[in-house]
Structure formats: C-alpha cells, structure tokens
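Peer 1: predicted coordinates and the sequence they were generated for:
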Amino acid sequence: MVYRIEIGLKSGVPDARGRGVMERAEQALGISMAGCRTRDVYKVAAELSEAEASRVMEVFTDSVVAESALGRLAMEDAFAWCMEVSFRAGVTDNVGRTARGSLQDLLERELAWEEQVYTSVQYFISGALSRDEVRRVGVDLLANELIEQVDVLSEAEWRAAEPEMSLPLFADDREPEVRVIELPDDDAELMRISSEGILSLSLEEMRAIRGHYLEASVRTHREALGLPMWPTDVELECIAQTWSEHCSHKIFAGTVRYRDEESGEEQTIHSLYKTFVKASTNRIAESIDWLVSVFTDNAGIVKFDERLHLVYKVETHNSPSALDPYGGAMTGIVGVNRDPLGTGMGSALVSNVWGYCLGSPFFEGAIPAGLMHPRRIRDGVHEGVIDGGNQSGIPYSRGFECFDERFLGKPLVYCGTLGTIPVEVGGRPSERKEIEVGDWVVMCGGRIGKDGIHGATFSSEELRTESPAQAVQIGDPLTQRKLYEFLIEARDLGLFRCITDNGAGGISCSFGEMGKYSGGCDCELAGAPVKYEGLQPWEVLVSEAQERMTLAVQPEQRAAFEALAKQRDVEVAFMGTFNDSGYFTVQQDGRVVASLDMNFLYEDGCPTLDMPAVWRRPEVAEPSVPTVEDYSETMLALLGDLNLCSREYKSRMYDGEVKGLSVVKPFVGAGADVPSDATVLRVDYDSDRGAVLAEGINPWYSDLDTYAMTTSVIDEAVRRVIAVGGDLERIAILDNFCWPDPVASEKTPDGAYKMAQLVRSCQALYDLTTLYKTPAVSGKDSCKNDSTRGGKKISIPPTLLISSVGQLADVRKAVTMPFKAAGDCIYVVGETKAELGASAYYRWLAEAQGSAEAYGGQVPEVNGEQALAIYRAMNQATDEGLLQSATTPTKGGLALALALATMGSTLGAEVDLSGVAEGAVSALFSESNSRFVISVKPDDVAAFEALFAGLPIQSIGVVSEGDSLRINGLATLNRETMRDQFKATLQGV
C-alpha cells in the first residue's frame, strides 16, 4: 500500500526555503518570482492501515507551523506553476531513510526491506514566468538531472491532476550473470574493451592482463576451480579498480626520465613517492620519536600525549563533484571521515576541514556543454560538505576557497578529518593491524547499489562527455553516524581484529587489501546486502556505495558482534573468511566467479609507467607597475578581490562548535569576522593540550615555478601554526597533489613539461621538509584533473595543498591576529624582498591591464635556515607571553596582513614601512615567505628585541586609539571601510 503525505506551512507562516529559492533564482539566473511556497512530500510504501498512516502524518507534521493531508493538501492561494523535484530510481534518499526509521519506531515493528519512504519537494511559484523558465530554475538551480527528476505543472494542470503515487523503483529482475571477456591478440580490440568498460586500463596493462591469463600455471589453477581460460567480468573489473590511478598511484610509482634544459641535468627517478615523499619522512624519522604510523594505513598517526595519538587525513573528491556537486562533495566528507575510522583499530572523529578550488561564481563566459556553472558547483559543494559532516555530529575547524577559470572543468574538493585513537586498544598498540587465518570477512553499514560503480576508474581519467552518472554517490551521514558509534563500541569490546574503509573500488579493494595481512581471502557475493535486485556480481564487487567498512572478526566473537550490531541498528554481513592461499577468490551462490593471484593483483602485475619530463623555465611577462602616490584605493580593491576577500557568508553555514572543543576559531577579532591564521582546538575535555590545524596553497605560483610554489606552501602551512603558538618541533604535514595529466601522449602533448613541474615540486618537498623536520604522514595524489567535456580541454594549474597539524602544550597561550591594545608596538619579523611574481597584486594589475596571465616576476623563495631561527624565536616569545598579537602575511603581503589585524580590532595603527623593503610596492605587496606581523606591549619591547637579536625584525609603528590604518603616507584606510569592502564581494553569494 502506498500513502502520499503532503506537508506545507500554514498560511501566514514565512517560508524561508521558498524565499531562498526566489533570491537564488534572481541572483544566479536573473529570473524573478512574485512568490514561492514549498511543501514536503512523503510516499510511504508499507503495510499500513489508514489509521496508522494518519498517525505517521501527525508525527511528521509540526502542527504549530505546518498542516498536512493524506493525498493532496489543498492550496487555497493562486499560483502560476507547481514544480516537483524527486529522486530517480536507485538514488539514495537520505530524508526518506530517516523517515523510514521514524516509521519503524512509530509502528514498533521491523519493516521489510521493501517497505520504504520516498520523498520529494514541491515548489508553488507565482509570477509571470514561462514553463521553460520554471524548468530552468529546476534543472539549473534546484536539481541535478543525473540523479533527480523535475516535473512542472501549471496551476490548472495541477488542480486537474490526481496526486502522483508512482514510486521510483529500480526495476531490474535479471538473474546474476557472469560474462567471460576474451582478450584477443589485437591492440585495437583490447583498447575498445578498456574504453567501453570504463576500465581506464592502458594498452600495456591490457597486454599484461592477457599475458597473465595465458600463463600455464594460471590456466592450471583456473581449470581446477572450473573457471574459464579468459577473465570473467568480475575479475577484469577487480583488476581495473585495483590498478586504477586512483588506487595504485601509478604516476607517483612510475619511472620518470627528467631533463633540465637550462642546466643540462638528467636524472632517472624510480618512483616520485619513494624517492622524495617517503624518503623525506623516513629520513626525518631518524631524528624524531613521535611518528606512530605513516603511509601504511588510511591516515597518518602521530603521538599526542600519554593517552592519545592524533590521526589526520585529507582527501580530494574532484570528478564526482563536477557531475553532482552536492552528492560528490558529500561523499568526499563522509568518505574521509571513514579514513581515520579505518586507521589502526579505529579512531574517534574530532573535527573536519574543507577547501575548494573553483571557477568564479561570477563567471560570465560560455560554459562547455556537460559542465555546470561554477556558482552552481560552489553552492552544491558547500551544501554537500556541510550536510555530510555536521549531520554526522562532527564540527568544522577551518576552510578555504581559491578561484580561477582553470577550475571550471574539474573543481578541486578537499575534505579532511582529524581524529584521536588511544595509545593502546585491548592491551596492544592501537596502530597495529593483524588478521589470522579463519577470521571472518565482514562488511557493515550501508547497502550496495549501482551508485559509485566505476568511481575509482572514472576519477583516473579526464572528465569526458560520456563519464558515467553512476560514478556519483550520495552519502548518508546519519547511517554513517550509527556505524561510527557502533564500531568504536565494538573496538573497545575487542569484537574485531582489523578494520578498513570501503572506499574506492568497494569490497574489491577492501577485501583484497585486508587479505594481504593473512595471505588470501575468500568471499561470497550472495551474502551482500543490496539496495535492490538486479545487481550483477561484478557490480556488487566494485560498487562504492557509501557508509561501509570492512572488518576481520574473530570466529569466537561473531555472536557478540552480531548482537551488538542488531542492538545499535547497524546491518552487518559475514561474507567469507581470510586465508593464506595467496588468492583473492570470489563466489556467487557457491560458484567461483573470480580467483586472482594476490601477487599479480597487488605487487608485480601492473606494468610500471615510463614517463619523460622536460623542464624549461616558462617565459611569463610582468605587468606594468604604475607609479602611485596613494595606495589606499589599491588596497581597498585587493581587499575586495575574489581571492582575498572574506568567505564568511558561506563559512558561517558550517558549524564549528559541535563538541565544544574549539579554542581559536575560524574567525577571530572583536567582531569574530576576520579569518584566523590557524585554528586551535582541544581534542580532550580534560586537557589543555591542543591541536593546531592550518594549510598552505597557491596554484598561481605554479605558473612560474613549481619548486618555489612547493616551498612557499609548505612554509605557509608551517608558519601559520607558528603564528598561533604551535610547537615547531611537533608539526606534521599532509601533501595533496592535484595535477593536470602529466603523462605525455597525443591528447597531452605538453605532458613532459607538466611531469617536470611535478618532479620539481616533489624535490622541493623533500628539500624543505627534511630541513624543517616536518614529516609528511599521509597524502593523496590526483593527476588526471582535466576536462574535455563540450569539446574543450580545460586543465587545472598544478596545485599542491599542504595541510599542517601541529600541537600546542597549553591552548591558553594561543595567540590571535588582531591588534589588542593602543600603544602596543608593531613589528615585522622576517625579510621582505622584491618577490611579486604571481602575487595577488601582480595578478590584480595584469587583469586590470587586460593581460590576465601577465603576472611574471620573482616568485617568493624560502631561506630555510633563517626561517627555522625565526620560528624558534617565535615559539619562545609565545611561551614567555611576549606577543599580544601575531599574524603571517600570505596572499596580499603586508598590506593585507596589516589591514586584517586592524579590522579584527576596535583600534587603528600608525605604520611606517619605509625601512621594510626597497620601494613601496615591495613593502606593501611582496609575498615573501617566513614573515610575521606582531604586536608587543611597550614593557616587553626590550625582552622581545633581545630574543630576536640577530634576526631580521623591523619596528614599524604602534597600535593607535583611532579608527584607521595609516601607512607612512602610502595609504590611509578607515577600519569600517576596509571591513565593508572585505565582506562585500561574496556577501550573500
């Protein structure tokens, strides 16, 4: 029986959701509405009496402000159009899932899986709009036709029609079928199989697979199991997921033949990862004792105190976010939540971070077919990450945005999660993972569906017009929250031996990878819980449907594990056992459908890429620098620049106070509206020891030199931690490389140059991290960030995000950016050089002069030894309480840093920069690294200057009682005028 429940606000009650639609339609589409009222629709497909359905309706309805009806809710007011947005068949409906849970509680009985609740939203629109305009609001603003359906009716059509009662059921009654894929000795045919199957396998890889199946030992093994000579679709899909760039990082693992055309240097590099990233951390590990687990698990682990370790991971979810911003981004955050949860024996989740590189929300050019306007992407990404994280009960500590037209094709969506794990679990080190032969293979959490199929292989290539819609997933944060709480409880009860995330490649990767601990794995697909019938065995194996973890459960703990799962309303499936056979074997209803040699799958099977890299310094023109006497208007313009202005409007939508552990918030100052250099939070209510989170990113420097870009963003991530008081000796970093395709090919003729950029970036990472002793403890590379949709190739600039996690012995000593008291002395710490290449000021000038890419010049470099001395002195100054305020200049230079420190206060500043650098432009706008703007009480000046003796510091002025920032005749800016300009650009956007 299907009951339709419609719920709407009572007449006279303001409809904030409808008002939001009106404002967004006006701003984003230029479509004006006279009014918009909204309703929620629930289709309840369950064995209910009408009386029970009425009870359900009453529970779902807030009777104070809303009214409801079974069937159709009367609409007394006139309107022009009714638009209903609903999910397509097979798409996750989170509100429906939650409603189903409430229904089950209300009825006090367990519902059959077929008994479901399906939701939609109705929009009753008034005004002189055409049907096409209403549909445009639907498809360009409110819905994504990949996953949602938009139906538009006129008022007359709506009043004449019966309420829609059909259900979005996924209809596929096919029996499980396993296909055999013959691999002929024909290169063109092999590539057709790879391309049409969205396997993302190269010709060399297809040949390697073919050769493997022709080996006599393989054929003998397969004959014994009743398998055909050639791979089944289950096997081929499993190999493709495992060997995908997303999972196996072939570019970072490959051989690079590097040539520097300037110096003539030639070098053969066997694995960028092992040579630079891992080698750096290994070298640092020889001289520090606080690394616990690096590069071997889902996230990095470092020591925190005698009871807890910190666990940190930052991921990217770029390709899915381009197809479905909301669902793709939500999957990014709930997915990265599962990384710490699947690290060691399972971590408690403390806080999230976010960051996005996007096209301008004000972009007015032509959008290639198949791509969305960047404003639509931005709105969806923010909404998805907010819903995915906060609804899981996890706060957000900080975030950032970068805007550039080159992110139109593939946005970069970074999501990260900080967690804690006890030093010991069950009497053994919490980071240790082990599996014994005979342990159960267990999947727990959400069910398997077509969502997320080919996610790993799809994200391993450029975004094409034919990129699959089913690669998109929608996370369910409430289901994941229940799973999370259950797993932490089961961990503490000792009910499992090993845990990992079900991420890219689904159980094909998690089962197999965990099987490496014991030496083999055997699973039965018929035991997998699915969302609907009709899934084929290979789909069950590789689906990346969300909210799932894989565990190894001891045989003697099975009953207790299942009992706790039932008690906590978490679905679990015992799908096989771990063994030491050396094979990953898959069965369907007792018949073997795949048996893959673990060594071939994970170690020796995949051919190594061999890639050329040729470095030649790019020739980039510099802008014409005008002679200016007063830079007040220039500074105001930069405060309003899209890449420098306030992101407060969107940022305020993230809840940073869940758990109540934050100390230095994302926004600080008298009005709590100036972005902090870093955030500080407790991770334990009973301790004043805190964690510090910050980041460094600057893709524009890559246009000139990726070596300088990399050292700059590492230095930025480190000095942000130092600015708030973090300990230099306890900073770890995470590296997230997002690159355009660097593999030279017909479709990427400049691949050798892009690879050279990547080599220089990795070399810089090694050089500076080993000097700073800031080990990379985890990371991610995404090297296929190109789009060819609409027949236009768009490649991102080489982008490296460095996320830093530091520690602060006493959070009560944390220092913040804004000036604190009139009379305090202001200093610049560090050298300011003529380093304006790719700076915010040069980019602003270039755009104003009509040559948007003409921002060449000297990119900021890093004097590492001097920086270390400065950072040690800053640490000591913080410990001794000498700093009233501290901030580090980044994009926009000293001009922006001074403006923000003033705007965050109720004071002014009198500043003279004449001794800081040669020339006003460098003094104001150079983005030289390793600098701070600090303020000191007059009584502490002598102690401060003694502490920094021999280091580059410059007294530049005092904090004043006034309301303006005055810079030695170069600029005079009213504090409120600056604040208004800083906020105006993205306010309401």
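Peer 2: Cool, got the structure.
Peer 1: which secondary structure elements does the biggest helix by length in the chain contact?
Peer 2: When the chain is parsed with DSSP state H, its longest helix is helix 751-772. Counting contacts by 3 or more C-beta pairs under 8 Å, 6 or more residues apart in numbering; DSSP states H and E, helix 751-772 is packed against strand 255-260, helix 272, helix 279-285, strand 610-615, helix 706-723, strand 732-738, helix 864-879. Where C-beta positions appear, they are placed from N, C-alpha and C, glycine not excepted.
Peer 1: which among the ones you listed is found nearest to residue 307?
Peer 2: For the helices and strands packed on helix 751-772, the distance to residue 307 is smallest for strand 732-738, at 18.7 Å, taking C-beta to C-beta.
Peer 1: restrict the closest one to CA atoms and write it as PDB.
Peer 2: Only the C-alpha atoms of strand 732-738 are listed here, as PDB (Å, rounded to 0.1, in the frame of the first residue of the first chain):
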ATOM      1  CA  ALA A 732      53.400  17.100  10.700                       C
ATOM      2  CA  ILE A 733      52.100  17.700   7.200                       C
ATOM      3  CA  LEU A 734      49.800  16.100   4.600                       C
ATOM      4  CA  ASP A 735      50.500  16.500   0.900                       C
ATOM      5  CA  ASN A 736      47.700  16.600  -1.600                       C
ATOM      6  CA  PHE A 737      49.000  16.800  -5.200                       C
ATOM      7  CA  CYS A 738      46.300  17.800  -7.700                       C
END
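Peer 1: going forward, the N-terminal residue is numbered 13.
Peer 2: Sounds good: first residue 13 from here, last item strand 744-750.
Peer 1: check which helices and strands that strand sits against.
Peer 2: In terms of contacts (3+ C-beta pairs under 8 Å, 6+ apart), strand 744-750 is packed against strand 312-315, strand 320-328, strand 424-434, helix 718-735, helix 763-784, strand 788-794, strand 811-820.
Peer 1: the shortest one pairs with which strands, parallel or anti?
Peer 2: On the basis of DSSP bridges, the sheet neighbours of strand 312-315 come out as strand 303-305 (antiparallel), strand 320-328 (antiparallel).
Peer 1: relative to residue 779, which of these is closest?
Peer 2: Nearest of the strands paired with strand 312-315 to residue 779, taken as C-beta to C-beta: strand 303-305 at 19.6 Å.
Peer 1: quick one, helices of the stretch 13-162 of the chain?
Peer 2: Remark: helices assigned in the stretch 13-162 of the chain by DSSP state H, counting those that start in this stretch are 28-36, 62-72, 106-119, 143-149.
Peer 1: likewise for the stretch 163-312 of the chain?
Peer 2: 167-172, 199-208, 215-226, 228-237, 245-255, 257-260, 262-265, 284, 291-297.
Peer 1: what is the shortest one packed up against?
Peer 2: Packed against helix 284 by the contact rule (3+ C-beta pairs under 8 Å, 6+ apart) you find helix 262-265, helix 763-784.
Peer 1: pipe these into JSON lines and attach mean pLDDT and mean neighbour count per row.
Peer 2: Conversion of these to JSON lines gives the following (pLDDT from 0 to 100; neighbours: other C-beta atoms under 10 Å):
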{"stretch": "helix 262-265", "mean pLDDT": "96", "mean neighbour count": "22"}
{"stretch": "helix 763-784", "mean pLDDT": "99", "mean neighbour count": "23"}
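Peer 1: in TSV: the ones you listed, plus distance to residue 241.
Peer 2: Shown next, in TSV, are the helices and strands packed on helix 284 (distance: least, C-beta to C-beta, whole Å):
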stretch	distance to residue 241
helix 262-265	27
helix 763-784	37
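Peer 1: hmm, back to that, let's have the helices and strands packed on strand 744-750 in a markdown table, adding distance to residue 708.
Peer 2: Output for the helices and strands packed on strand 744-750, formatted as a markdown table (distance: least, C-beta to C-beta, whole Å):
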| stretch | distance to residue 708 |
| --- | --- |
| strand 312-315 | 17 |
| strand 320-328 | 12 |
| strand 424-434 | 12 |
| helix 718-735 | 3 |
| helix 763-784 | 11 |
| strand 788-794 | 13 |
| strand 811-820 | 5 |
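Peer 1: which of the ones you listed sits closest to residue 31?
Peer 2: Across the helices and strands packed on strand 744-750, residue 31 has its closest neighbour in strand 424-434 (28.1 Å, C-beta to C-beta).
Peer 1: and the chain, what are its domains?
Peer 2: Residue ranges for the domains of the chain, per automatic domain parsing: 14-172, 637-666+827-1001.
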